[in-house]
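Asks: let's see this in three dimensions:
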Amino acid sequence: MNFIQFFTEGITQFFTYTGFANASWGNLVMIVIGLAFIAMAIIKDYEPLLLIPIGFGIILGNIPFVDGLQIGVYEDGSVLNYLYFGVLKGVYPPLIFLGIGAMTDFSALISNPKLILIGAAAQFGIFGAYIIALLLDFTPQEAGAIGIIGGADGPTAIFLSSKLAPSMMGAIAISAYSYMALVPVIQPPIMRLLTTSKERVIKMRPPRVVTHREKVLFPLLCILLTAFLVPSGLPLLGMLFFGNLLKESSVTKRLANTASGPMIDVVTILIGLTVGCSTQASTFLKVESLMIFGLGAASFVLATAAGVSFVKIFNLFLKEGNKINPLIGNAGVSAVPDSARVSQVEGLKYNKTNYLLMHAMGPNVAGVIGSAVAAGILLSFLY
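Replies: Residues are numbered from 1 along each chain as shown. Prediction:
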């Protein structure tokens, strides 16, 4: 009898430690969201390198457990907590920027410097969403962290939110990466709405060939200009241009290959998985999370519209033959190279011989720089 009682009590105690006994409806909702992210990545091929780690992390972070076992991402001493340190302290985003710099060709921007203005114009979405968030009673720090979603740059969103609004970082990061993945869905209707049939078929002059010297000087001049202007953006801007120098110097190919290959892959896995794990139902399923998603969408739409509209206005001052196709205005956001591909796809719909990809890469890489500068500006007066 004692054995039966012991066995029964043991089974009962074991059950109290299982996920079945500790699950809440919120955990189940988040697990479904995680599965949806993975499904989007596999079925639709939307940013699989990001959505699969994030989706699996959401599932991992919402497996219910008893507190005190040191296994959760928010429990001191747990393995996930140590990995999450890189997100919480902003370590991973600069490493991502190092890899981005090492794989980015700035030739399109160097050959046509005026395209940087499109990348700058697209940052209007960040400051527009910042103002809207303030009107909705978010604190200035929270509003700044939310607004950066409009840059369509996940690492920058994580970096800034880790400084200004750590409690909202999970929702902001998921929102930023979600809209990055949905670039091919969100941007085309806005581009069509804001352009005329005549504007969509504008052919741009082929970009000139950029010399090796120009490619080497570009990251050096840019880091001096941007870092002196916005020193608070140094962690992101410094790593971006350092990575690009490794690529373009032609004497550090091994380092450039490491930064743009194995290193960025490892950091992408860690940042995606740990950001996903941070979205535990108890901290994520709140009204403010829905507001963040809504404001993020508004920020992204504003950024896309601002880029396209700026090109239309800019064309009023350009001579015939030098005009810019407004369909590359969407590429001013920092989703490299997806938004540039959207420009290419949309352009080919209206003119089968109009290849806009190389032109769109100019504002696209300018958007990477612009979002980092915008983050530095927000950090400088909100931190």
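
Asks: what comes up buried for the host helix or strand of Phe381?
Replies: Counting by DSSP states H and E, the element that carries Phe381 is helix 357-382. For helix 357-382, a neighbour-count test (16 or more other C-beta atoms under 10 Å) marks 357-379, 382 as buried. For glycine as for every other residue, the C-beta is placed from the backbone atoms N, C-alpha and C.

Asks: ok, now stretch 127-135?
Replies: Buried-residue list, stretch 127-135, by 16+ other C-beta under 10 Å: 127-130, 132-134.

Asks: and the next helix or strand past the helix or strand hosting Thr258?
Replies: Using DSSP H and E, Thr258 sits in helix 253-258. Using DSSP H and E, the next helix or strand after helix 253-258 towards the C-terminus is helix 264-277.

Asks: counting contacts, what elements does the next helix or strand after that next one pack onto?
Replies: Toward the C-terminus, helix 264-277 is succeeded by helix 281-284 as the next helix or strand (DSSP H and E). Judged by 3 or more C-beta pairs under 8 Å, 6 or more residues apart in numbering; DSSP states H and E, helix 281-284 is in contact with helix 25-43, helix 169-181.

Asks: tell me which of those sits most buried.
Replies: Sort the helices and strands packed on helix 281-284 by mean neighbour count, taking mean count of other C-beta atoms under 10 Å, and helix 169-181 sits at the top with a mean of 26.

Asks: contacts for it, please.
Replies: 40-41, 46-47, 50-51, 54, 58, 87-88, 145-146, 148-149, 151-154, 157-158, 161-162, 165, 186, 272, 275-276, 278-279, 283-284, 288-289, 292-293, 296-297, 300, 335, 338 (C-beta atoms under 8 Å, 6 or more residues apart in numbering).

Asks: dump it to CSV, keeping only the CA atoms.
Replies: Below are the C-alpha coordinates for helix 169-181, written out as CSV (Å, rounded to 0.1, in the frame of the first residue of the first chain):
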residue,chain,number,x,y,z
MET,A,169,12.1,44.8,-26.9
GLY,A,170,10.4,41.5,-27.7
ALA,A,171,7.3,43.1,-29.3
ILE,A,172,9.4,45.7,-31.2
ALA,A,173,11.9,43.1,-32.5
ILE,A,174,9.1,40.7,-33.6
SER,A,175,7.3,43.6,-35.3
ALA,A,176,10.4,44.8,-37.1
TYR,A,177,11.3,41.4,-38.4
SER,A,178,7.7,40.6,-39.4
TYR,A,179,7.4,43.7,-41.5
MET,A,180,10.9,43.0,-43.0
ALA,A,181,9.5,39.6,-44.1
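
Asks: quick check: angle from it to helix 264-277?
Replies: Helix 169-181 and helix 264-277 meet at an angle of 120 degrees, taking axes from the mean of the first three to the mean of the last three C-alpha atoms, to 10 degrees as the criterion.

Asks: and the angle from helix 169-181 to helix 25-43?
Replies: 30 degrees.

Asks: on that earlier part again, report the buried residues of the helix holding Thr258.
Replies: 255-256, 258.

Asks: do the same with stretch 233-251
Replies: 233-248.

Asks: now it: mean pLDDT?
Replies: For stretch 233-251, mean pLDDT rounds to 96.

Asks: again, but for stretch 281-290
Replies: Across stretch 281-290, pLDDT averages out at 87.

Asks: what about the nearest residue to Ala165 once chain neighbours are set aside, neighbour count?
Replies: Nearest residue to Ala165, sequence neighbours excluded (C-beta to C-beta, 6 or more residues apart in numbering): Ala145, at 4.0 Å. Other residues within reach of Ala145, judged by other C-beta atoms under 10 Å, total 33.

Asks: cool, and Gly77?
Replies: There are 8 residues near Gly77, going by other C-beta under 10 Å.

Asks: so it makes contact with Gly68?
Replies: No. Using C-beta atoms under 8 Å, Gly77 is not in contact with Gly68, being 10.6 Å away.

Asks: just list what the helix holding Thr258 packs against, helices and strands only.
Replies: Looks like helix 253-258 contacts helix 92-103, helix 234-248 (3+ C-beta pairs under 8 Å, 6+ apart).

Asks: these: which one's closest to Phe138?
Replies: Checking the helices and strands packed on helix 253-258 against Phe138 by C-beta to C-beta gives helix 92-103 as the closest, at 21.9 Å.
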